[in-house]
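Visitor: Take a look and give me a structure for this.
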Amino acid sequence: MLAIRLPQSIEKRLERLAQRTGRTKTYYAREAILKHIEDLEDTYAAERVLARVRGGKEKTHTLEEVAKRLGLDD
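Guide: You can find the predicted model right below:
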């Protein structure tokens with residue numbers, strides 16, 4: 001179970017959408033979360049990697065280095 005507080009303007013938009021379509025507000029809230037959760041997870045994972053790179057704990061490679069290592073530099 002999840003309870004969230006939304007700004008009144010968003011709540012009204014959600015209510016109008018639900019009324020126009022015959023679906024529930026919960027349906028649209030669930031759809032929005034499902035649609036965007038993977039993007040959020042990817043963003044936070046990328047931020048963690050960036051912090052490791054900036055902290056010198058993870059090495060990066062140029063495209064040229066990767067191509068050469070894979071034998072694609074011909």
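Visitor: What's the biggest helix in the protein, counting residues?
Guide: In the chain, with assignment by DSSP state H, the single longest helix is helix 25-54.
Visitor: on contacts alone, who are the packing partners of that one?
Guide: Judged by 3 or more C-beta pairs under 8 Å, 6 or more residues apart in numbering; DSSP states H and E, the packing partners of helix 25-54 are helix 8-21. Glycine gets a C-beta too; all of them are placed from N, C-alpha and C.
Visitor: got the buried residues for the helix it packs on?
Guide: Buried positions in helix 8-21, judged by neighbour count with 16 or more other C-beta atoms under 10 Å: 14, 18.
Visitor: who does it touch, helix- and strand-wise?
Guide: Judged by 3+ C-beta pairs under 8 Å, 6+ apart, the packing partners of helix 8-21 are helix 25-54.
Visitor: and the gap between the residue nearest the centre of the chain and Ala46?
Guide: Nearest residue to the geometric centre of the chain (C-alpha atoms, centre = their mean): Asp39, 1.8 Å. Applying C-beta to C-beta, to the nearest Å, the value for Asp39 to Ala46 is 11 Å.
Visitor: how about low-confidence regions in this structure?
Guide: By pLDDT under 70, the weakly predicted segments of the chain are 74.
Visitor: change it to 50
Guide: Nowhere does the chain drop to pLDDT under 50.
Visitor: for Lys59, helix, strand, or coil?
Guide: The three-state label given to Lys59 by DSSP: H, G, I helix; E, B strand; the rest coil is coil.
Visitor: residue contacts, it?
Guide: Counting by C-beta atoms under 8 Å, 6 or more residues apart in numbering, Lys59 touches Val53.
Visitor: ok, it to Gln8 distance?
Guide: Distance from Lys59 to Gln8, by C-beta to C-beta: 49 Å.
Visitor: cool, and Glu41?
Guide: 29 Å.
Visitor: Check Arg30 too.
Guide: 21 Å.
Visitor: now Glu15
Guide: Separation of Glu15 from Gln8 (C-beta to C-beta): 10 Å.
Visitor: same check, this time on Glu38
Guide: To Gln8, Glu38 is 29 Å away according to C-beta to C-beta.
Visitor: And for Ala32?
Guide: For Ala32, the distance to Gln8 (C-beta to C-beta) stands at 17 Å.
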